[in-house]
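Colleague: pasting the structure only:
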DNA sequence: GTTAGCACTCTAACCTGGTGAGTGCTAACG
DNA sequence: CGTTAGCACTCACCAGGTTAGAGTGCTAAC
């Protein structure tokens, strides 16, 4: 790709900063006046003409100012964007929502999403993708009613997963037997995670143990299936949303169609899971039409892993208009990924 | 209140029906042409003038057509509205979302909210207010980690409530002891509901039992508190929302401020709980400014209890613009309140 | 009591011209 | 030869004026 000279970059930066702040097309004369670049508006005009030709900025209509394009934001984000530092108070505020809820993953996610949308004025979505990392700590099978059982599964991260299931009453399984089965299951499957459970060996050993205990396979099989399901099922993924109405505050969503699109996207759990799930990089920025979900084509998404004390807790994304304060959003999420409670707990 | 003559009622009805369908102010001439009332536009004009004076309709501006006022809708809803019958297919569709999830209150609520917003094109919110009606069926205390315990509470409606709590290790409470305590608690508290638990006698008996079992009060008290909390706590209330973006489809919410207000209202769980909680009547209609929540002042809410096979399951509300199809919404909710699965399960 | 007729009102849509921010081009400057 | 001043041109936006249409209120006649 053609490398831009420094002056073009400075001009692009000025356009983007101004547009982020004021949401209005900006012209050469205005740049010359407001930003001290040491060159005249005519020169800026020529450079802007080049930038437009290269696709970094666009004019909404002939003879109006220019507006950054997705490609322009991309360049800015990748190469130009300064590393903003989060104000102390915000940092502490966010830290608080974590430290206050360390033992409760769901409260942590909920408060974190709220706190971030409060600090940034954007919308925040978070997902708990722990399912695959949780390790079984305790399994409890409890008879309830005729042939109904409740299965409780407690993990090392203190999450509790339930399944209510019907099991055939081929043999009487009362409280005592259920207790025995629970103890046995806990012994066999302790420390197993979802990956382990997909391992045949593991399950084979479990089946063998049931056999030794004279438990009917008709009873054992659905039970094992329920355990696997409880630990790894996708609908274990919980979505937390904060500040939906924030995004409606931005003038770009004064257009009802655009507002509808975003709200629609935020309502679809599956779409949000897809959005949050795929994350190769530590912090990922998706700009406008880069979004696979067309309903988000006027939005940018800044996505990060939540990592606390070396543990991976889930993913979180800040959603705003393409004209959003990328620098701030990134600094907020860097703060997340780096948050380490050791020093204060 | 002054009783309106039949002709005024017919005219009001025509205005409301037309406005519900087209969202545009309607004038005397249009009524005369479109609705066969057997009187001329001049007469209608006179009657409309009266209706306006009485506050049932308002003119958005001088010399424009009239629009129903909240008071007008109120009269319509209370006295005039026909009893629409829900199309067979919709009835079956809604019935399905219930029968498919009879054993899972949370899935039932979720699907019901979705189904209703799909059928009506309005937004639907539902709340599970069962907390107070659930009866304890089984209590299970499970040791996890150092001094941490998981409390599982299964109710007669097959809901599972969890609490993770820290209890002092004043004495060793291993799996065996925990099992004994669980069995004992289940025995003492079986069939108790939230009201029973607020009854001193009940709790006294529980405490006595702990004492007899040589369980330290420092251990017993937080445990009892957790049980009470798990059964009756307000954050047990789960809110289910369907079709948020539906409401943005209506022209009255093309105005971003109004859209923001509604979305804001739907984001505040506490507000929704308040909205859904208070329900003296079986089906209640709240019109426009009658809403206590000012963010909903441009909306109407039609609220009902969900009752299935004599059981009270929770409350559900349809939220739309004040210009909404009250008749349809009411018929949908009547369908809910009356739904009886006996005949097909 | 009902209705036809009429003067009047008000909005929405359309045009019109002026203003200002912006562009692109050209020629001159250092 | 890059930079800049100057200028003609474009276009959105705004204010003001006009018209058409839907509606009202009033009055007089049926």
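Modeller: Yep, that arrived. From a predicted model like this one, the values you see are computed outputs, not experimental measurements.

Colleague: I'd like to know how many residues surround the residue lying closest to residue A:248 once chain neighbours are set aside.
Modeller: Excluding its sequence neighbours, the residue lying closest to residue A:248 (C-beta to C-beta, 6 or more residues apart in numbering or on different chains) is residue B:260, at 4.7 Å. (Glycine included, C-beta is placed from N, CA and C.) Using other C-beta atoms under 10 Å in any protein chain shown, residue B:260 has 20 other residues around it.

Colleague: Count residues in the vicinity of residue A:70, would you?
Modeller: For residue A:70, using other C-beta under 10 Å, the count is 18.

Colleague: and it, how far is that from residue B:232?
Modeller: 52 Å (C-beta to C-beta, to the nearest Å).

Colleague: now residue A:246
Modeller: Residue A:246 is 34 Å from residue B:232, by C-beta to C-beta.

Colleague: my guess is the residue nearest to residue A:248 meets residue A:249, correct?
Modeller: Yes: contact criterion C-beta atoms under 8 Å: residue B:260 and residue A:249 qualify, at 7.0 Å.

Colleague: what's the helix or strand for the residue lying closest to residue A:168 once chain neighbours are set aside?
Modeller: Nearest residue to residue A:168, sequence neighbours excluded (C-beta to C-beta, 6+ apart): residue A:218, at 5.0 Å. Assessed by DSSP states H and E, residue A:218 sits inside helix A:217-232.

Colleague: right, and the helix or strand after that helix?
Modeller: Next element after helix A:217-232 (DSSP H and E): strand A:238-242.

Colleague: Tell me which helix or strand the residue lying closest to residue A:304 once chain neighbours are set aside sits in.
Modeller: Leaving out its chain neighbours, the residue that sits closest to residue A:304 by C-beta to C-beta, 6+ apart is residue A:333, at 3.8 Å. Here residue A:333 sits within helix A:326-338, counting by DSSP H and E.

Colleague: Which strands and helices lie in contact with whichever strand or helix holds residue A:203?
Modeller: Take DSSP H and E as the rule and residue A:203 turns out to sit in helix A:200-212. Contacts defined by 3 or more C-beta pairs under 8 Å, 6 or more residues apart in numbering or on different chains; DSSP states H and E place helix A:200-212 against helix A:175-189, helix A:217-232.

Colleague: DNA strand D is nearest to which of those?
Modeller: helix A:217-232 (53.1 Å; C-beta to the nearest atom of the strand).

Colleague: Any stretches of the stretch 51-200 of chain A with poor pLDDT?
Modeller: A:103, A:130-132, A:145, A:169-172 (pLDDT under 70).

Colleague: swap the cut-off to 90 and go again
Modeller: The model of the stretch 51-200 of chain A has pLDDT under 90 over residues A:61-64, A:98-108, A:128-200.

Colleague: Can you name the residues of it sitting close to DNA strand D?
Modeller: A:61, A:62, A:63, A:64 (C-beta under 7 Å from any atom of the strand).

Colleague: Check the secondary structure at residue A:215 for me.
Modeller: Under the three-state scheme (DSSP: H, G, I helix; E, B strand; the rest coil), residue A:215 adopts coil.

Colleague: give me phi/psi at it?
Modeller: phi -90, psi 130 (degrees, to the nearest 10).

Colleague: ranges for the strands of the stretch 51-200 of chain A?
Modeller: Secondary structure of the stretch 51-200 of chain A (DSSP state E, counting those that start in this stretch): strands at A:57-58, A:67-68, A:123-128, A:136-144, A:148-155, A:160-166.

Colleague: Show me what the second one is packed against.
Modeller: Strand A:67-68 makes packing contacts with helix A:6-22, strand A:57-58 when contacts are defined by 3+ C-beta pairs under 8 Å, 6+ apart.

Colleague: quick one: strands adjacent to that strand?
Modeller: strand A:57-58 (antiparallel) (DSSP bridges).

Colleague: is the partner strand anywhere near DNA strand C?
Modeller: No: figure legend: strand A:57-58 not in contact with DNA strand C (C-beta under 7 Å from any atom of the strand); closest approach 8.7 Å.

Colleague: about what we covered before: a markdown table for the residues of the stretch 51-200 of chain A next to DNA strand D, including neighbour count?
Modeller: As requested, those are exported to a markdown table (neighbours: other C-beta atoms under 10 Å in any protein chain shown):
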| residue | neighbour count |
| --- | --- |
| A:61 | 8 |
| A:62 | 5 |
| A:63 | 6 |
| A:64 | 12 |
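
Colleague: Using CSV, lay out those together with distance to DNA strand C.
Modeller: CSV is the format used below for those (distance: C-beta to the nearest atom of the strand, whole Å):
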residue, distance to DNA strand C
A:61, 10
A:62, 7
A:63, 4
A:64, 6
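
Colleague: Where does the record place the domain boundaries for chain A?
Modeller: A:6-80, A:88-129+A:237-344, A:136-235 (automatic domain parsing).

Colleague: still on that earlier bit, of residue A:246 and residue B:232, who's got more company?
Modeller: residue A:246 (21 against 16).

Colleague: Now do the SS call for that one.
Modeller: Once three-state DSSP is applied, residue A:246 turns out helix.

Colleague: isn't it right up against residue A:122?
Modeller: Yes: contact criterion C-beta under 8 Å: residue A:246 and residue A:122 qualify, at 5.8 Å.

Colleague: Now the stretch 151-300 of chain A against DNA strand D: closest residue?
Modeller: Counting by C-beta to the nearest atom of the strand, the stretch 151-300 of chain A gets nearest DNA strand D through residue A:251, at 11.8 Å.

Colleague: picking that back up, could you identify which of the strands of the stretch 51-200 of chain A is most buried?
Modeller: Compared across those, strand A:123-128 shows the largest average neighbour count, a mean of 26 (mean count of other C-beta atoms under 10 Å in any protein chain shown).

Colleague: Mind checking if it is in reach of chain B?
Modeller: No: Strand A:123-128 does not reach chain B (C-beta under 8 Å from any C-beta of the partner chain); its nearest approach is 10.1 Å.

Colleague: Partner strands of that strand and their direction?
Modeller: strand A:238-242 (antiparallel), strand A:311-321 (antiparallel).
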